[in-house]
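>>> how would this look folded up:
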Amino acid sequence: MPPVPRKRGDTWEPITGVAYENNGITPADLRGSTLRFLGKATVGVTTVYIDSGNAAHGECINVEDEVGSTVADRGKFRYEPLIPGVSQAGLFATELKANFAGKIITFPSAKNDNPQLQIDEDIQPI
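Below you'll find the predicted structure:
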C-alpha cells in the first residue's frame with residue numbers, strides 16, 4: 001500500500017484507518033478501548049515521533065464508540081492531528097495501540113505490515 005501523503009503542518013483532514021485482526025481480513029473489535037496513534041520516522045540522524053498519547057499531538061478517536069456507529073464501523077479510528085504531531089516531514093511507519101482497561105494490543109501485530117504516512121515539506125515554514 002502506498003504511503004498516505006500530506007503536507008507538514010496540515011491538520012484540516014484527519015488520518016483515518018481500520019485496525020484488523022491478525023488474519024488481516026476481519027476488522028478488530030475496538031469497542032470500549034482507548035486508542036493511541038503512533039508514528040516513527042528517521043529524518044537525517046534524528047528519530048521523530050507522532051504520539052496521540054501526547055495531547056499536544058492531537059487525539060485518536062475510536063469510531064466504534066461514537067454515537068450512531070454501526071457494525072460497519074468496526075475497527076475504524078480517526079487521528080485528528082495538531083501542529084506538533086505533523087510538524088516534521090518524513091516517511092512515518094504507523095501503528096495503533098488499543099488499551100482495554102490496562103490490556104494493550106497493537107495493530108498491526110507485524111512490523112512489516114505497519115502502514116506508512118508521508119509528510120512532505122511545505123513551502124512556508126510553520
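>>> distance of residue 121 from residue 34?
Distance of residue 121 to residue 34, computed by CB to CB, to the nearest Å: 33 Å. C-beta here means a position set from N, CA and C on the backbone, and glycine is covered the same way.
>>> more neighbours, the two?
Remark: of residue 121 and residue 34, residue 34 carries more neighbours, 15 against 12, as counted by other CB atoms under 10 Å.
>>> low-confidence bits of this protein, can you list those?
For the chain, the stretches flagged by pLDDT under 70 are 1-2, 125-126.
>>> which ones are touching the most centrally placed residue in the chain?
The structure's the chain has its C-alpha centroid closest to residue 37; by CA atoms, centre = their mean the separation is 3.7 Å. Residue 37 makes contact with 15, 50-52, 58, 60, 77, 79, 94, 96, according to CB atoms under 8 Å, 6 or more residues apart in numbering.
>>> and residue 118, by the same measure?
Counting by CB under 8 Å, 6+ apart, residue 118 has contacts 3-6, 91-92.
>>> please identify the helix or strand for it.
In the assignment (DSSP states H and E), residue 118 maps to strand 116-120.
>>> related to what we said a few turns ago, which among the contacts of residue 118 gets closest to residue 68?
When those are compared for distance to residue 68 (CB to CB), residue 4 wins out at 25.6 Å.
>>> give me the beta-bridge partners of the closest residue to that closest one other than its chain neighbours?
Setting aside the residues directly before and after it, residue 4 is nearest to residue 117 in space (CB to CB, 6 or more residues apart in numbering), at 5.0 Å. Listed by DSSP bridges, the beta-bridge partners for residue 117 are residue 4, residue 92.
>>> my read is that residue 117 contacts residue 15, right?
Yes - using CB atoms under 8 Å, residue 117 is in contact with residue 15, at 6.7 Å.
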